[in-house]
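[1] missing the sequence, but the structure's below:
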């Protein structure tokens, strides 16, 4: 006897399925919460014009067996697990422009992620970037 299939929603990142959930509204809520979590890390004086995933994200409606549906908690853990922070060691002669270019960011993005820099002149130390 085969299981009856249900409508569900797959969260796909760069062409790879990360998880499948039963409720698009719940998935949208998780993504909204993640966006707020991310924005909380940015300087409160920054003027954010837009926010988007760097990866290609798709939410696709599918028909799957009930046992193929992940819990919302598992989906949330997967999204947050993708968030890492990378530390860049600043060396003498480094500047925001070169560091931004080397890490596929703009100087503005580097300044938003590291508000304590305040200018393009850096001192020895560390910069932080989410990946």
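    Perfect, thanks for sending it. This one's a predicted model, so the numbers in the text were calculated from it and none came from an experiment.
[2] report the distance from stretch 5-13 to the chain centre.
    20 Å (C-alpha atoms, centre = their mean, to the nearest Å).
[3] same check, this time on stretch 3-16
    20 Å.
[4] which residues in the protein form helices?
    Assignment of helices within the chain using DSSP state H yields the ranges 24-39, 72-81, 96-102, 107-113.
[5] could you pull out the buried residues of the longest one?
    Neighbour-count burial for helix 24-39, counted by 16 or more other C-beta atoms under 10 Å, picks out 27, 30-31, 34. Where C-beta positions appear, they are placed from N, C-alpha and C, glycine not excepted.
[6] circling back: with mean pLDDT and distance to residue 47 as added columns, please give the helices of the chain in JSON lines.
    Shown next, in JSON lines, are those (pLDDT from 0 to 100; distance: least, C-beta to C-beta, whole Å):
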{"stretch": "helix 24-39", "mean pLDDT": "88", "distance to residue 47": "12"}
{"stretch": "helix 72-81", "mean pLDDT": "88", "distance to residue 47": "26"}
{"stretch": "helix 96-102", "mean pLDDT": "81", "distance to residue 47": "18"}
{"stretch": "helix 107-113", "mean pLDDT": "73", "distance to residue 47": "9"}
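[7] how far away is the residue nearest the centre of the chain from residue 3?
    Residue closest to the mean C-alpha point of the chain, counted by C-alpha atoms, centre = their mean, is residue 53 at 5.4 Å. Going from residue 53 to residue 3 by C-beta to C-beta, to the nearest Å gives 32 Å.
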